[in-house]
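Enquirer: Have a look; sequence and predicted model below, questions after that.
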Amino acid sequence: MNPKLRTLALMGALFTAVPAACTAQQTPAEATTASAAAQAVTPPTAAPLVTGLPDFTALVERVGPAVVNISAETAPRRADPSQQLPPGLEDFLRRFGMPFPGVPDGPRGGGVSLGSGFVISADGYVLTNHHVIAGADTVTVTLSDRRELEAEVVGSDEQYDVALLKIEADGLRWMRPGNSADLKPGQWVIAIGSPFGLDQSVTAGIVSAVGRANPYSGQQYVPFIQTDVAINRGNSGGPLLNTSGEVVGINSQIFSNSGGYMGVSFAIPIDLAMNAAEQIKQTGQVSRGRIGVVIQPVSAEQADAIDLPDTRGALVTQVEPGSAAADAGLRRMDVIRSFNGTRINDASDLPPMVGMVAPGTEAELEVFRDGRLRTVEVTIGGEPAEAGGSRSRDRGEP
């Protein structure tokens with residue numbers, strides 16, 4: 001090729017490559033746009049990006065000061081001198097964490113139980129759980145303003161798991177009870193308490209179910225409120241609140257495979273708890289109604305055998321001699337379908353209804369027998385009260 005033509009060809013290739021190499025560069029306008037895109041994604045204003053969600057701040061500010069922390073201390077117990085341990089056995093028991101004879105709480109005994117509670121009156125009455133203060137020698141209530149006060153245990157009831165305390169203090173903030181009977185699944189509820197000793201902790205959720213029987217608790221007279229509010233150790237005895245700031249329950253238990261919160265929590269209805277507190281205040285104990293029958297759910301086979309149209313109700317499997325039920329003429333294989341006009345869907349519905357009625361009160365049962373419904377009048381009996389109004393029964397014995 002001619003040297004001049006070769007030079008021209010090389011220059012043409014060079015000029016052709018220059019625009020391609022420059023296409024990655026930005027113009028001033030493009031650079032400004034890229035800079036703007038790198039700014040923070042959060043708006044500079046304080047306006048919420050999401051609206052319509054519940055905000056519990058005003059409620060917590062209003063009712064939080066009425067929630068208290070409870071510390072229940074049990075002093076060490078002395079061993080029974082008549083039960084002396086053989087040489088070496090004490091070290092063996094201590095090494096493996098086994099109880100010592102004559103010392104129910106271990107080698108040293110004693111300890112501190114932490115829980116929650118709430119003030120229910122201006123004169124210093126406080127509600128909490130029985131299991132928070134059971135067996136304690138001293139109970140200390142810490143208010144939200146950090147005042148620590150020694151509390152008097154007015155009384156408690158194991159079956160309802162309710163305890164009434166009394167403190168002396170000025171300027172107390174207290175809570176009003178709501179109506180737990182008005183609760184419905186799906187409603188918002190809030191808990192305030194001291195999980196793991198963390199005072200004034202707030203959690204929220206919804207009501208999962210009402211009138212829930214808990215067969216593992218031994219509390220057949222309690223129609224629990226089930227929620228998905230986060231409850232942990234230390235929340236026991238604290239209030240469950242509706243969105244008006246009214247107490248609708250006392251947080252009491254959780255279902256858990258791990259010992260921690262797993263989405264299933266139980267609260268004692270406030271109407272039941274206040275009824276128990278009033279009885280404790282007046283008499284020092286709780287009296288529950290009882291009719292003296294052993295009951296169970298109705299199976300499909302049993303319903304078919306007795307011509308019952310469905311499995312709703314409480315099937316009587318035993319009538320105690322001399323009981324209120326025996327006096328009223330109830331029989332084995334009767335199916336109790338309603339109590340004082342309230343339908344009984346499951347056998348577990350009956351004990352709480354009967355327990356809330358004062359002994360000596362007349363009540364009306366709707367009973368299915370021999371293929372038809374009949375009305376049975378019964379005078380509610382009572383159960384012998386133990387110390388502190390505390391007594392527990394097996395499930396299925398209203």
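Expert: Happy to help now that I have it.
Enquirer: from memory residue 366 sits against residue 340, does it?
Expert: No - Residue 366 lies out of contact with residue 340 (CB atoms under 8 Å); the separation is 9.5 Å. C-betas here are computed from N, CA, C, even on glycine.
Enquirer: What helices and strands are in contact with the helix or strand containing residue 282?
Expert: Under the criterion of DSSP states H and E, residue 282 resides in helix 270-283. Packing contacts for helix 270-283, counted by 3 or more CB pairs under 8 Å, 6 or more residues apart in numbering; DSSP states H and E, involve strand 125-128, strand 148-157, strand 162-166, strand 247-254.
Enquirer: how about 10 Å then?
Expert: In terms of contacts (3 or more CB pairs under 10 Å, 6 or more residues apart in numbering; DSSP states H and E), helix 270-283 is packed against strand 125-128, strand 148-157, strand 162-166, strand 239-241, strand 247-254, strand 265-269, helix 350-355.
Enquirer: now the angle from the fifth one to strand 265-269?
Expert: Think strand 247-254. 140 degrees (axes from the mean of the first three to the mean of the last three CA atoms, to 10 degrees).
Enquirer: what ranges do the helices span in the stretch 51-200 of the chain?
Expert: Here the stretch 51-200 of the chain has its helices, by DSSP state H, counting those that start in this stretch, at 57-63, 89-95, 130-133.
Enquirer: quick one: which of these has the weakest pLDDT on average?
Expert: Across these, helix 89-95 has the smallest mean pLDDT, namely a mean of 54.
Enquirer: what's the burial count for residue 323?
Expert: Using other CB atoms under 10 Å, residue 323 has 16 other residues around it.
Enquirer: residue contacts, it?
Expert: When contacts are counted by CB atoms under 10 Å, 6 or more residues apart in numbering, residue 323 touches 290-293, 330, 378, 381.
Enquirer: Let me see the backbone angles for it.
Expert: As for residue 323, its main-chain torsions (degrees, to the nearest 10) stand at phi -80, psi 170.
Enquirer: quick check: mean pLDDT across stretch 370-385?
Expert: 88.
Enquirer: and that stretch, how far from the chain's centre?
Expert: Centre-to-centre, stretch 370-385 and its host chain are 31 Å apart (CA atoms, centre = their mean, to the nearest Å).
Enquirer: one step back: between residue 366 and residue 340, which is the more surrounded one?
Expert: The neighbour comparison of residue 366 against residue 340 (other CB under 10 Å) goes to residue 366, with 19 against 13.
Enquirer: looking at it, the more buried one is touching residue 336, isn't it?
Expert: Yes - using CB atoms under 10 Å, residue 366 is in contact with residue 336, at 7.3 Å.
Enquirer: shared neighbours of these two, which are they?
Expert: Common neighbours of residue 366 and residue 336 (CB under 10 Å, 6+ apart) are 313, 344, 376.
Enquirer: beta partners for the last one?
Expert: I take that to be residue 376. Note on residue 376: beta-bridge partners by DSSP bridges are residue 365.
Enquirer: ok, it - contacts?
Expert: 325, 328-331, 334, 336, 363-367, 369.
Enquirer: nearest residue to residue 249 other than its sequence neighbours?
Expert: Distances taken as CB to CB, 6 or more residues apart in numbering place residue 267 nearest to residue 249, at 3.2 Å, with adjacent residues excluded.
Enquirer: so how far is residue 176 from that neighbour?
Expert: 17 Å (CB to CB, to the nearest Å).
Enquirer: Looking at the two, which one has more neighbours?
Expert: residue 267 (30 against 12).
Enquirer: just wondering, since we're on the more buried one, how far is it from residue 331?
Expert: In terms of CB to CB, residue 267 sits 37 Å off from residue 331.
Enquirer: Where does pLDDT dip in the chain?
Expert: 1-37, 39-40, 45-46, 77-110, 384-398 (pLDDT under 70).
Enquirer: domains of it?
Expert: For the chain, the TED database gives the domain ranges 187-283, 289-382.
Enquirer: I'd like those laid out as JSON lines, including distance to residue 167.
Expert: Shown next, in JSON lines, are these (distance: least, CB to CB, whole Å):
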{"stretch": "domain 187-283", "distance to residue 167": "14"}
{"stretch": "domain 289-382", "distance to residue 167": "28"}
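Enquirer: Can you show me the helices along the stretch 251-398 of the chain?
Expert: 270-283, 300-305, 324-328, 350-355.
Enquirer: Deepest-packed of those helices, please.
Expert: Comparing the helices of the stretch 251-398 of the chain on average neighbours per residue, with mean count of other CB atoms under 10 Å, the densest one is helix 350-355 at a mean of 23.
Enquirer: Run the chain-centre distance for that helix.
Expert: 20 Å.
Enquirer: Using CSV, write down the CA coordinates of that helix.
Expert: The C-alpha trace of helix 350-355 is given here as CSV (Å, rounded to 0.1, in the frame of the first residue of the first chain):
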residue,chain,number,x,y,z
LEU,A,350,-70.2,-24.8,83.2
PRO,A,351,-67.7,-24.6,86.2
PRO,A,352,-66.9,-20.8,85.8
MET,A,353,-70.7,-20.0,85.5
VAL,A,354,-71.5,-22.0,88.7
GLY,A,355,-68.4,-20.7,90.5
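Enquirer: Give me the packing partners of that helix, helices and strands only.
Expert: Judged by 3+ CB pairs under 10 Å, 6+ apart, the packing partners of helix 350-355 are helix 270-283, strand 289-290, strand 293-297, strand 335-339, strand 362-369.
Enquirer: Neighbouring strands of the longest strand along the chain in the sheet, and parallel or not?
Expert: Across the chain, the longest stretch assigned as strand under DSSP state E is strand 201-212. Applying DSSP bridges, strand 201-212 is found paired with strand 188-193 (antiparallel), strand 224-227 (antiparallel).
Enquirer: Thank you, goodbye.
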